[in-house]
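[1] The sequence and its predicted three-dimensional model are supplied below.
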Amino acid sequence: MPIRSYCRIPEKQKGSTRKMEGSCPELLYDLFYELEGAIRIDISVYLFNNPIYVDFLISLAEKGTKIKITTLPPSGYNDKLKKVDDLPEKTSARILAIDAFNKIHKTKNISLGFFPHQYVWYGALYAGGGASYSFHVKAINAFFKKGKQKSILSSGNFLSTDPYHSDNIIVFENIKTYNSVFNEFFSDINKRAIGSEGFSKKFKSYSDEFQISFHGKEKSLSKKNHKNCFFTAPFYLIDKIGSNHYAGNRIIETIDTAKKRVWICAQHFHDLISFDPDRETIINALYKKNSPSIEYKFLKQVPHSSLADKRRAGIAETLFKYVLRAKQRYNRLTHDKFIIVDDILIISTANYTTTQFAFGKRKMDYINKDKQKVRKIDNFSEVNGFAIIRNCPKKVMENYESHFNSLWETGQDIEINL
């Protein structure tokens, strides 16, 4: 089958101990099954620290597979200590990432690159006083003998220090409209990634990384070749608009075709008010589309009351209940990012939030440890992958429907009291 999907829900976690296989163990082995026998693999992933994943890739490299991994530099990983199965002492995401990077450096046929691009939106600084990294994608391009190619999107990173959560992967095998877009994206990322060896000498401080800018260096892509598969990035314009705006527009265009149902499953879903005036939000599009003949079901990880910034999610939940009359639940295991519109499936590595669909030139300020302001002019944009599958194959759609329903049935209603 040219399109395959794997949807997994791990058993509920007991205690705070993490699994070495990552947040969704079974899905990691599904991925290994798809990658076995590859002669070349390109991986672009937000966070990468799973020792079992690393050992699997090393085993392939030792058989001759050429592997290229692009992820965040060590500064992008968390220092919070966690207990992980089979490790005698607590460890952190950063410690495991550095261990993984050191193993890779010693292995022939594997190269490691970093994508250290950062952004700041409206001067908001994130945890630790720094800007946020824009690299949020989880994509793989694998090549096999006899010209076979698999392009893969994942909702998760397989991080060993993450708590259990549900995730999914979608595989496109020898489908030109998807494979060609993946080829283009990985070529562009590999050109812009910075080799890990010597990285610390080139970028001696966090401020040095922050200075990387893609404003004025954008690549223009055509809508014709990116209608049902596309990536967002600070260096991409699609159809002459920012790639993140384009992604939001394509989702809205798809939702606008709905006649029977719109089901949204995402860790976060509150794309309510745009940061910039050049785009419509998904929630506003749902509001305008509002129809009693359409079944609206929205499932996410936590209700607005559990978020640090409760405003947007709270307004969105109220709108869903009293205007759309939508059913909405939360399930703390939910980490997926997909939308079902009638017989169309939308898969993404992005959550459906305002940040993920923002794109724009901005003056960005960062205050370094010496209280000095560092400024750059850059495009605000997050890197993510999207696939729209029209007339989705029955087996694939049933898999996602079953996944949604399983999370829904074990979830809880979101209560809104005015």
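    Everything's here; your move. Numbering: from 1, shown residues only.
[2] ok, which stretches of the stretch 1-150 of the chain are strands?
    All strands of the stretch 1-150 of the chain, identified by DSSP state E, counting those that start in this stretch, fall at 3-8, 40-45, 66-71, 110-114, 118-119, 132-133, 138-143, 149-154.
[3] Of all those, which one is nearest Lys363?
    Closest to Lys363 of the strands of the stretch 1-150 of the chain is strand 118-119 (Cβ to Cβ; 11.6 Å). For the C-beta atoms, the positions are set from N, CA and C on the backbone; glycine is no exception.
[4] Show the average pLDDT along that closest one.
    Model confidence over strand 118-119 averages 92 on the pLDDT scale.
[5] And for it, what's in contact with it?
    The list of residues contacting strand 118-119 from outside it, by Cβ atoms under 8 Å, 6 or more residues apart in numbering, reads 130-134, 209-210, 212, 234, 362, 364, 366, 378, 380-382.
[6] Try it again at 6 Å.
    Contact with strand 118-119 is made by Ala131, Tyr133, Ser134, Phe210, Phe380, as judged by Cβ atoms under 6 Å, 6 or more residues apart in numbering.
[7] and the residues you listed as a markdown table, adding distance to Glu36?
    What follows is the contacts of strand 118-119, written out as a markdown table (distance: Cβ to Cβ, whole Å):
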| residue | distance to Glu36 |
| --- | --- |
| Ala131 | 39 |
| Tyr133 | 31 |
| Ser134 | 32 |
| Phe210 | 40 |
| Phe380 | 39 |
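[8] Inside helices: which ones of the residues you listed?
    Mapping the contacts of strand 118-119 onto helices (DSSP state H) picks out Phe210.
[9] Which single one of the contacts of strand 118-119 is nearest to Ala97?
    Of the contacts of strand 118-119, the one sitting nearest to Ala97 (Cβ to Cβ) turns out to be Tyr133, at 13.0 Å.
[10] Would you point out the most distant pair within the contacts of strand 118-119?
    The most widely separated members of these, counting by Cβ to Cβ, are Phe210 and Phe380 (13.4 Å).
[11] Can you name every helix or strand that the worst-scoring helix or strand of the chain on mean pLDDT contacts?
    Here the helix or strand of the chain ranked lowest by mean pLDDT, DSSP states H and E is helix 311-322, holding a mean of 81. On a contact count with 3 or more Cβ pairs under 6 Å, 6 or more residues apart in numbering; DSSP states H and E, helix 311-322 meets strand 269-270.
[12] Give me the distance between the residue positioned nearest the centre of the chain and Phe386.
    Among the residues of the chain, the one closest to the centroid is Thr349, at 2.9 Å (Cα atoms, centre = their mean). Per Cβ to Cβ, to the nearest Å, Thr349 is found 8 Å from Phe386.
[13] In this structure Ser155 contacts His165, no?
    No - using Cβ atoms under 6 Å, Ser155 is not in contact with His165; the gap is 9.0 Å.
[14] how deep is the nearest residue to Cys7 once chain neighbours are set aside tucked in, by neighbour count?
    If the residues on either side of it in the chain are set aside, Cys7 comes closest to His403, at 3.6 Å by Cβ to Cβ, 6 or more residues apart in numbering. Counted by other Cβ atoms under 10 Å, the residues lying close to His403 total 21.
[15] in which helix or strand would I find Val374?
    strand 373-380 (DSSP states H and E).
[16] For Val137, which residues are in contact?
    Ser44, Thr349, Val383, Asn384, Gly385.
[17] Kindly recompute the last result at 7 Å.
    Val137 makes contact with Ser44, Tyr46, Phe231, Thr349, Val383, Asn384, Gly385 under the criterion Cβ atoms under 7 Å, 6 or more residues apart in numbering.
[18] Right, I'll leave it there.
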